[in-house]
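[1] Just the structure for this:
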Amino acid sequence: MKSLEEVFDAFSGLTVLVIGDIMLDSYIWGSVDRISPEAPVPIVRVKKRDFRLGGAANVALNVQALGAKPILCALIGDDDAGNKLLDCLNQQGMSKEGIVVSKNRPTTVKTRLIASHQHVVRVDEESDQELLKEEEEELLKQIQQLIEGCDAIIFEDYDKGVINASLIEKTVAFAAKKNIPTIVDPKKRNFLSYQGVTLFKPNLKELREGLKLDIDAGDDMQVKKAVEKLKEILNAGVMVTLSEHGIYIDHLAEQKKYPAHKREIADVSGAGDTVVSIAGLCVALGVKPGLIAALSNLGGGLVCEHTGVVPIDKTKLLAEAIEMKFEKFL
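    Predicted coordinates:
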């Protein structure tokens with residue numbers, strides 16, 4: 001591809017299977033005028049509530065916002081929150097064919113209370129129990145059916161139990177047979193189970209926990225050595241997000257750190273979802289590692305300018321990438 005516009009246009013021809021922990025993000029918006037007489041806590045006067053797709057579903061939203069077609073494969077509970085989540089999928093025009101309803105666990109709900117543009121508290125309703133055998137079999141059945149026609153698979157692992165080592169191994173094997181790239185946003189529980197994936201994208205905290213190493217993000221040599229160790233263990237390309245220190249990629253023939261862009265940070269929620277979505281589409285297109293890292297880094301910063309979890313703005317991402325002369329990475 002000869003231009004960034006061609007790359008962004010090509011996103012629209014892709015289909016991505018997103019496997020992982022799907023959540024319902026509940027928002028309560030209000031204002032604080034006084035402190036409770038019952039305890040030293042603020043009283044929030046509620047002005048509105050809304051429900052949004054979260055977790056792996058936010059990755060799907062980002063994939064869709066970039067012009068590609070996402071297909072979710074995930075578990076929800078047989079409950080009111082699960083019905084609300086299905087309604088959200090309908091509103092976004094997303095396929096529900098990969099959604100498996102479980103009688104054994106609730107739908108994960110994260111309720112964020114925001115008052116006067118400040119994130120006051122978050123309440124989580126969830127189970128992180130391992131998949132039951134029949135649930136795993138049903139998910140694998142869906143994955144085998146849905147993998148046909150997909151250009152990439154993204155594992156969005158939030159450690160809620162939907163992804164386990166067996167599911168990972170079998171799915172990666174399915175993908176390898178079809179020559180479909182696999183991209184991972186990991187968590188601690190399955191960190192070293194993603195053998196042979198195409199691109200593994202932890203953040204710094206996950207890298208430290210996964211390798212049990214004390215890594216200084218500002219020390220480029222420490223980061224480089226840790227990533228080399230992880231790459232050797234997993235036999236996979238690795239891209240690590242380093243927060244204000246930027247992003248580091250070791251994939252194919254490239255080993256390079258890209259600095260963060262200065263931003264007015266409002267909320268970091270969902271930034272990792274955006275990063276893995278952009279990376280997944282770039283890997284599917286076979287673009288160079290430099291462009292994968294630079295675009296992912298830029299997109300992750302852009303969504304942090306908004307309060308709450310929001311998908312990437314494709315038009316703004318392209319405009320800034322052109323302004324920053326990212327064509328040099330093509």
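[2] mind listing the helices in the stretch 151-300 of the chain by residue range?
    Under the criterion DSSP state H, counting those that start in this stretch, the stretch 151-300 of the chain contains helices at 165-178, 204-211, 220-234, 271-285, 289-303.
[3] what angle sits between the last one and helix 271-285?
    Using axes from the mean of the first three to the mean of the last three Cα atoms, to 10 degrees, one finds that helix 289-303 and helix 271-285 are set 150 degrees apart in direction.
[4] Show me the shaky parts of this structure.
    Residues of the chain meeting the criterion pLDDT under 70: 263-270, 306-309.
[5] For it, identify the residue most remote from the centre.
    residue 37 (40.8 Å; Cα atoms, centre = their mean).
[6] Turn the helices of the stretch 151-300 of the chain into JSON lines, columns for distance to residue 192 and mean neighbour count.
    Backbone N, C-alpha and C define where each C-beta goes, glycine included. Below are the helices of the stretch 151-300 of the chain laid out as JSON lines (distance: least, Cβ to Cβ, whole Å; neighbours: other Cβ atoms under 10 Å):
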{"stretch": "helix 165-178", "distance to residue 192": "9", "mean neighbour count": "16"}
{"stretch": "helix 204-211", "distance to residue 192": "7", "mean neighbour count": "18"}
{"stretch": "helix 220-234", "distance to residue 192": "6", "mean neighbour count": "16"}
{"stretch": "helix 271-285", "distance to residue 192": "18", "mean neighbour count": "27"}
{"stretch": "helix 289-303", "distance to residue 192": "22", "mean neighbour count": "25"}
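[7] Distance of the residue nearest the centre of the chain relative to residue 220?
    The structure's the chain has its C-alpha centroid closest to residue 273; by Cα atoms, centre = their mean the separation is 2.5 Å. Using Cβ to Cβ, to the nearest Å, residue 273 is found at 26 Å from residue 220.
[8] any chance you could map the strands in the stretch 101-250 of the chain?
    108-115, 118-125, 152-156, 182-185, 199-200, 237-241, 247-251 (DSSP state E, counting those that start in this stretch).
[9] Serialize those to CSV and add fields for mean neighbour count.
    Below are those laid out as CSV (neighbours: other Cβ atoms under 10 Å):
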stretch, mean neighbour count
strand 108-115, 20
strand 118-125, 13
strand 152-156, 28
strand 182-185, 28
strand 199-200, 28
strand 237-241, 25
strand 247-251, 24
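[10] Residue 1 is nearest to which of these?
    Comparing the strands of the stretch 101-250 of the chain against residue 1 with Cβ to Cβ, the closest turns out to be strand 152-156 (16.5 Å).
[11] Sheet-wise, list the partners of that closest one with their directions.
    According to DSSP bridges, strand 152-156 forms sheet pairs with strand 15-20 (parallel), strand 182-185 (parallel).
[12] Just the CA trace of it, in PDB.
    Presented in PDB, the C-alpha positions along strand 152-156 are these (Å, rounded to 0.1, in the frame of the first residue of the first chain):
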ATOM      1  CA  ALA A 152      -7.800 -11.900  12.100                       C
ATOM      2  CA  ILE A 153      -8.700 -13.100  15.600                       C
ATOM      3  CA  ILE A 154      -8.300 -10.900  18.600                       C
ATOM      4  CA  PHE A 155      -8.200 -12.500  22.100                       C
ATOM      5  CA  GLU A 156      -9.500  -9.900  24.600                       C
END
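[13] which residues are contacting it?
    14, 16-21, 55-56, 59, 63, 147, 163, 168, 171, 175, 180-186, 194, 197, 273, 276-277, 280-281, 283-284 (Cβ atoms under 8 Å, 6 or more residues apart in numbering).
[14] ditto for stretch 184-197
    20, 59, 154-159, 163-165, 168-169, 172, 176, 182-183, 199-202, 206, 209-210, 233-236, 272-273, 275-276.
[15] Remind me which helix or strand residue 24 belongs to.
    Element membership of residue 24 [criterion: DSSP states H and E] is strand 22-35.
[16] Tell me which residues of that strand come out buried.
    By 16 or more other Cβ atoms under 10 Å, the buried positions in strand 22-35 come out as 22, 23, 24, 25, 26, 27, 28, 29, 30.
[17] so which of the strands of the stretch 101-250 of the chain comes closest to residue 68?
    Proximity to residue 68, assessed across these by Cβ to Cβ, is greatest for strand 152-156 (8.7 Å).
[18] tell me the angle the closest one makes with strand 22-35.
    Strand 152-156 and strand 22-35 are oriented at 40 degrees to each other (the same axes, to 10 degrees).
[19] Quick check: residue 201 vs residue 241, distance?
    Residue 201 sits 7 Å away from residue 241, going by Cβ to Cβ.
[20] Now for those two: what residues contact both?
    Counting by Cβ under 8 Å, 6+ apart, the residues touching both residue 201 and residue 241 are 272, 275, 296.
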